[in-house]
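Novice: starting from these lines, generate the structure:
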Amino acid sequence: MPRDLKPPTVPRSDPALPRWVRQGAGREDLETALFSAGAALAALDPLARSDDPAGSLWRKRLALSAAAAVATLEGRREAEGQLRDALALCRLGDDPGPGGRLLIAWRHLGAARALHSADWPARLPGLFDLPPHPLSDLLRDLAVRFAGRILPLRFAAEAAREVLALGPAHRGLALWLADAALARALGWDRPLPLLAAHLPRAAFRLEGEAWLTACAAAWGRGAVAAFDLHTDLARRADALRAIALRLRGKDAAAVVATLLAEDALAAQAGAQTSDRAARRLFERLTALGLVRELTGRPTFRLYGL
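Specialist: Numbers count the residues shown, from 1 in each chain. Below you'll find the predicted structure:
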């Protein structure tokens, strides 16, 4: 390791998640599940509203976990690595395939002001490879009938249940809508994918209060996991920014900026550097513990924070 580059120690004062919130998240009785999920979401609220530079990457990692969970529900074999490849290795303009489209759908959930786009009810079914009718009309109607009238968690769980009534093929969309509805009820402009990765398959057989309990418990677990992921990514981002000015290479600043915003990046030629120079930069960042190689492959490697 070069003498002028040492792994930086960056002090960071992160808000701590109270132990009682961690212990209560995921409890399976309705009253405790609702209370604990509310507490966990309250702790997450400042992060969901923040313009923290790590927020875009954070949402993409949450989206990846959600997409992988939905792929499993649908009986497909794509794990996180395969879904990541579907987008990262897809050429501009090419169809990323079902897995890539699924990941795009979940990334769309965290897009800036996604819920304020007038055409999202019409476009959303297509992202999940579903026909537009009767979904488009149902999606437009849900917020009008529920928003502001009942508690946020109940509002979101009941919205998902209406979509689930259309059949098992709609599970992914129902989970997406649940997170979107919760975000709207909480006043978040950019929703977070929280539910899909933490709701067990058996929950889809439940109705009424049992369904609400399962969703509340899953949102509690999801909020705690999202809080911990944000803390980890923010620390990694601080460490990378701390050493960025000392990195050699004409494209080093652009690479660092992309790593702070994107889930995965290939070591390839940039505007002013060759493939070989790019690989050296990523090898240096990996040796410093600032970046991880995400695939485990000897070729077609991808790197991320």
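
Novice: now the element after the longest helix along the chain, going C-ward?
Specialist: The longest helix of the chain (DSSP state H) is helix 208-244. Helices and strands here follow DSSP states H and E; after helix 208-244, the next one along the chain is helix 252-259.

Novice: and that following helix, what does it pack onto?
Specialist: helix 208-244, strand 265-266, helix 275-287 (3 or more C-beta pairs under 8 Å, 6 or more residues apart in numbering; DSSP states H and E). Heads up, the C-betas are built off the backbone N, CA and C, glycines and all.

Novice: so what are the domain limits for this structure?
Specialist: According to automatic domain parsing, the chain comprises the domains 28-233, 245-304.

Novice: adding mean neighbour count and distance to residue 239, write those domains out as TSV.
Specialist: Output for these, formatted as TSV (neighbours: other C-beta atoms under 10 Å; distance: least, C-beta to C-beta, whole Å):
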stretch	mean neighbour count	distance to residue 239
domain 28-233	19	11
domain 245-304	16	6
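
Novice: using JSON lines, lay out these together with distance to residue 19 and mean pLDDT.
Specialist: Listed next are the domains of the chain as JSON lines, based on distance: least, C-beta to C-beta, whole Å; pLDDT from 0 to 100:
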{"stretch": "domain 28-233", "distance to residue 19": "11", "mean pLDDT": "88"}
{"stretch": "domain 245-304", "distance to residue 19": "29", "mean pLDDT": "83"}
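
Novice: now distance to residue 22 too, for the ones you listed, in a markdown table please.
Specialist: Shown next, in a markdown table, are the domains of the chain (distance: least, C-beta to C-beta, whole Å):
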| stretch | distance to residue 22 |
| --- | --- |
| domain 28-233 | 6 |
| domain 245-304 | 26 |
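
Novice: quick one, which of those gets closest to residue 18.
Specialist: Closest to residue 18 of those is domain 28-233 (C-beta to C-beta; 7.5 Å).

Novice: so which residues of the protein form strands?
Specialist: With DSSP state E, the ranges of strands along the chain come out as 265-266, 292-293, 302-304.

Novice: elements contacting the last one?
Specialist: This points to strand 302-304. Judged by 3+ C-beta pairs under 8 Å, 6+ apart, strand 302-304 is in contact with helix 80-88, strand 265-266, helix 275-287, strand 292-293.

Novice: who's in contact with it?
Specialist: With C-beta atoms under 8 Å, 6 or more residues apart in numbering as the test, strand 302-304 has contacts from 84-85, 88, 259, 262-267, 282, 285-286, 291-295.

Novice: what comes into contact with stretch 136-144?
Specialist: Residues outside stretch 136-144 that contact it (C-beta under 8 Å, 6+ apart) are 120, 121, 122, 124, 125, 159, 162, 163, 166, 177, 181, 184.

Novice: could you find the closest non-adjacent residue to residue 305?
Specialist: residue 236 (4.8 Å; C-beta to C-beta, 6 or more residues apart in numbering).

Novice: list the contacts of stretch 19-26.
Specialist: 32-33, 35-37, 39-40, 43, 198, 217-218, 220-221, 223-224.

Novice: ok, residue 233 touching residue 60?
Specialist: No: contact criterion C-beta atoms under 8 Å: residue 233 and residue 60 do not qualify, at 10.1 Å.

Novice: thinking again about what came up before, the longest helix of the chain to helix 275-287, inter-axis angle?
Specialist: Orientation check (axes from the mean of the first three to the mean of the last three C-alpha atoms, to 10 degrees): helix 208-244 against helix 275-287 gives 110 degrees.

Novice: make 58 the starting number, not 1.
Specialist: Sure thing, new numbering starts at 58, so read that last one as helix 265-301.

Novice: report all helices and strands that helix 265-301 contacts.
Specialist: Right, helix 265-301 is packed against helix 76-81, helix 87-106, helix 112-130, helix 209-221, helix 309-316 by 3+ C-beta pairs under 8 Å, 6+ apart.

Novice: can I get these in JSON lines including distance to residue 250?
Specialist: Converted to JSON lines, the helices and strands packed on helix 265-301 look like this (distance: least, C-beta to C-beta, whole Å):
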{"stretch": "helix 76-81", "distance to residue 250": "20"}
{"stretch": "helix 87-106", "distance to residue 250": "12"}
{"stretch": "helix 112-130", "distance to residue 250": "4"}
{"stretch": "helix 209-221", "distance to residue 250": "13"}
{"stretch": "helix 309-316", "distance to residue 250": "21"}
